[in-house]
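Turn this into a structure:
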Amino acid sequence: MQVLRKIQKVDSDRISIKIPKAFRNRTLEVIVMPIDEMRSIPETVDIWPKDFFTKTAGCFAGTPLVRENQGEYEVRDTIR
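Below you'll find the model as predicted:
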């Protein structure tokens with residue numbers, strides 16, 4: 001999917017956006033929102049506990065993983 005993103009300083013009650021040729025004769029969604037009010041995600045988000053990877057790395061070493069029997073395939077009616 002092709003996306004057009006434009007950040008523009010606005011000093012009047014109008015803006016102008018040049019549309020790529022690929023967007024012509026199509027239905028487009030236009031969203032206008034001020035940047036200073038947008039929520040931003042910090043570049044570094046600590047979602048993992050400290051030392052998580054060093055404590056858990058290699059925890060399956062030496063323990064073989066076994067895939068259990070998956071059963072029989074369900075036979076379904078043919079769509080006509």
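
CA only for contacts and neighbour counts going forward, please
Fine.

Flag the shaky bits of this protein, pLDDT-wise.
For the chain, residues meeting the criterion pLDDT under 70 lie at 37-46.

Which parts of it are helices?
52-56 (DSSP state H).

For Gly58, see how far away Phe52 is.
According to CA to CA, to the nearest Å, Phe52 stands 12 Å off from Gly58.

Ignore what I typed, I meant Lys6.
Taken as CA to CA, the span from Lys6 to Gly58 is 45 Å.

try Val30
From Val30 to Gly58 the distance is 48 Å (CA to CA).

same check, this time on Phe23
Counting by CA to CA, the gap from Phe23 to Gly58 is 49 Å.

Could you report the neighbour count for Ile31?
6 (other CA atoms under 10 Å).

With Glu74 instead?
6.

Could you do Leu4 as well?
Leu4: 10 surrounding residues under other CA under 10 Å.

do you know how far it is from Met33?
Counting by CA to CA, the separation of Leu4 from Met33 is 15 Å.

All set, thanks.
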